[in-house]
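1. Below is the sequence, then the predicted model.
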Amino acid sequence: MGKGMLKNFFAIVLLLLFLPLMACAGETEGMDWKEKIKYNLTQTWHSRQYDLYVPLYAWHNRLTYDDEHIEKYNENPWGAGLGVSRYDTDGDWHALYAMAFKDSNDYVETMFGYAFMKNWYLGDARDFRAGVGFTVGLTQRHEYAYIPVPLPLPMFGVGYKRLDIQAAYVPGVKNDGNVLFVWTKIQLN
């Protein structure tokens, strides 16, 4: 990884770590950063809104992979996940989740953590939404002997009522990383 790419990666990580401080501004006004993080995690943990996650696709960026790697990688990440989530007073989404799926090499990978998405709504009924945000958590992969590895990633998604299509981009280098991971989130209640 080149110096410029490494600097960009750390800049993204720092930005993602500070985004929770901006999340849920209306409910957390007057709180310091530790109180805001604790509030968002606690409120989400105690939510009674349960979600099902179904991985759909793991697209390997064709601009960063050679044909040999593309042909051998799995892009169908069969698996599932569960989570709890809530929408705050601003309409932004907070979640705690756990997912397991087949990775690019057909091994089981786990992913769990906290996710936040700043939403914008279309129409008065607020049925349609689009958002951008992040997830911060841990992943476990066979390459790392299933030792938990930090996972700060940018996210985006679109939704209609109880169904969302969400995605996260995993940055990387030539023939490694640079994967757009797409899943659906279904509110169960």
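-> Looks like it came in fine.
2. where are the low-confidence patches of the chain?
-> Residue ranges of the chain with pLDDT under 70: 1-26.
3. all strands for the chain, in order.
-> 49-60, 79-87, 93-102, 108-122, 128-140, 149-160, 163-170, 179-187 (DSSP state E).
4. Please identify the most buried of these.
-> Highest mean neighbour count of the strands of the chain: strand 93-102, a mean of 21 (counted as mean count of other CB atoms under 10 Å). Quick note: C-beta positions are derived from backbone N, CA and C, even for glycine.
5. What lies in contact with that one?
-> With contact meaning CB atoms under 8 Å, 6 or more residues apart in numbering, strand 93-102 is reached by 23-24, 40-41, 43-45, 51, 53, 55, 74, 76-88, 108-117, 119, 131, 133, 183.
6. Make a markdown table out of the strands of the chain and add distance to residue 70.
-> Output for those, formatted as a markdown table (distance: least, CB to CB, whole Å):
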| stretch | distance to residue 70 |
| --- | --- |
| strand 49-60 | 6 |
| strand 79-87 | 21 |
| strand 93-102 | 17 |
| strand 108-122 | 19 |
| strand 128-140 | 22 |
| strand 149-160 | 22 |
| strand 163-170 | 16 |
| strand 179-187 | 12 |
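7. Setting aside sequence neighbours, what's the nearest residue to residue 79?
-> Excluding the flanking residues, the one nearest residue 79 by CB to CB, 6 or more residues apart in numbering is residue 101, at 2.8 Å.
8. who's that neighbour bridged to?
-> For residue 101, the beta-bridge partners are residue 79, residue 109 (DSSP bridges).
9. Who are the contact partners of the residue most central in space within the chain?
-> By CA atoms, centre = their mean, the chain has its centre lying nearest to residue 135, at 4.0 Å. Neighbouring residues of residue 135 by CB under 8 Å, 6+ apart: 113-116, 151-153, 155, 168.
10. Leaving out sequence neighbours, find the closest residue to it.
-> residue 115 (4.2 Å).
11. quick one: that neighbour from residue 60, how far?
-> 23 Å (CB to CB, to the nearest Å).
12. Quickly note the distance from the spatially closest residue to residue 174 that is not a sequence neighbour to residue 157.
-> Spatial nearest neighbour of residue 174, excluding adjacent residues (CB to CB, 6+ apart): residue 64 at 5.7 Å. Remark: distance between residue 64 and residue 157 (CB to CB) = 23 Å.
13. same question, residue 55
-> Using CB to CB, residue 55 is found at 14 Å from residue 157.
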